[in-house]
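> pasting the sequence and the predicted model now:
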Amino acid sequence: MRRTWIWLAVLLAALCAVASAAATLRGQHTERASLGAWHAAFTYDKGPGFLPPYSHLRLVVSNGKKHVLDAPVVSKEPGADRPEPASAGRGSSLFFRDLDGAGTPELVLELYTGGAHCCFVDQVFDFSSSRPLKIELDLADSGARIVTAAGKPLLESADDSFAYEFTDYGDSGSPILLLRYLGGRFEDVTRSHPQLVDADASRWWRASQAAIGHKGDARGVLAAWAADQAVLGQASIAKRTLLSFASAGKIGGESGPGWPTGRAYVDKLWQFLAKRGYL
């Protein structure tokens, strides 16, 4: 009987230790952003590992002393029913930026849906009217960053429709995607910025040559390069290059009905580029 009580005491001590650790790990976190008179606070509870990690996400925005938004953070994107801060509690998931040059800054809140490698969701809040407007962008695995081109802020992301299309995810490439915010919506302005597209094409070309040099699978990165080349008006040159690679046996990798090699790969790629509006 005495041994039983000893084991019960040990078990109780262990449970108390776990509860204490959980209480230590849990707690409300706040991320902040400011620009002039504009201030935003993004709060959430972070739980221990054996519970859903983030809960009670809320966003409060004020302009001076006036509150313009105070609402829970929710997403309508598939798989984002329990969004997480993209910062994962490190750094910041939100910032102000005048995306349309209208004089009133927009607030960008970066979220993550969890999973092995997916997905990023950006929520953009426009306060130029009496009622805040929220625009949500599903950025898949690529996410986005702000770049400045021709003096204007853009969201630089990538076309994730290429993932798994020609090879496995790890060997896939995604061509550049540039988005401009204007009039309450985002529009694709990739073709208007050839210098950025050319830099992206060069990056995928180097990756393809490294893969070919090591007898690896270059189909994914070559697809991204070809898409960039098509945007630059060089589709016919890119196709001739890939056909020469196919004749030389440089376009290999795991074969199958979904991921062809050689000339069949080039044919499928061109069908895909046409479908996606690259040609």
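Nice, thanks for sending it over. For clarity, every value in this text was computed on a predicted model and none was experimentally measured. Residues are numbered from 1 along each chain as shown.
> every contact and neighbour count from this point should use C-alpha atoms.
Fine.
> stretch 142-159: how far from the chain's middle?
12 Å (Cα atoms, centre = their mean, to the nearest Å).
> with just CA atoms, put it into CSV.
Output in CSV follows, covering the C-alpha atoms of stretch 142-159 (Å, rounded to 0.1, in the frame of the first residue of the first chain):
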residue,chain,number,x,y,z
SER,A,142,5.6,31.3,-51.6
GLY,A,143,4.3,34.1,-49.4
ALA,A,144,5.2,37.6,-50.5
ARG,A,145,7.4,40.5,-49.7
ILE,A,146,7.2,44.2,-50.5
VAL,A,147,9.5,45.5,-53.3
THR,A,148,9.7,48.9,-54.9
ALA,A,149,9.7,49.1,-58.7
ALA,A,150,9.4,52.3,-60.7
GLY,A,151,8.8,54.1,-57.4
LYS,A,152,5.8,52.1,-56.5
PRO,A,153,5.4,49.3,-53.9
LEU,A,154,4.5,45.9,-55.1
LEU,A,155,3.9,42.5,-53.6
GLU,A,156,6.5,40.1,-55.0
SER,A,157,5.3,36.5,-54.8
ALA,A,158,5.4,33.4,-57.1
ASP,A,159,3.0,31.4,-59.2
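> buried ones in that stretch, by neighbour count?
Using 16 or more other Cα atoms under 10 Å as the test for burial, stretch 142-159 gives 142, 143, 144, 153, 154, 155, 156, 157, 158, 159.
> please name the nearest non-neighbouring residue to the third one.
Same thing as residue 144. Nearest residue to residue 144, sequence neighbours excluded (Cα to Cα, 6 or more residues apart in numbering): residue 157, at 4.5 Å.
> buried ones in stretch 59-69, by neighbour count?
Buried residues in stretch 59-69, counted by 16+ other Cα under 10 Å: 59, 60, 61, 62, 63, 68, 69.
> and the residues you listed, which two are furthest apart?
Farthest apart among these by Cα to Cα are 59 and 63. That separation is 13.7 Å.
> quick one, domains of the protein?
25-138, 143-279 (automatic domain parsing).
> low-confidence bits of this protein, can you list those?
Filtered on pLDDT under 70, the chain yields the residue ranges 1-26, 49-52, 78-81, 89-90, 115-117.
> can you pull out the helices in it?
2-25, 194-213, 219-231, 235-247, 262-275 (DSSP state H).
> winner for burial among the ones you listed?
helix 219-231 (a mean of 27; mean count of other Cα atoms under 10 Å).
> tell me which strands and helices that helix is in contact with?
Other elements packing on helix 219-231 under the criterion 3 or more Cα pairs under 8 Å, 6 or more residues apart in numbering; DSSP states H and E are helix 194-213, helix 235-247, helix 262-275.
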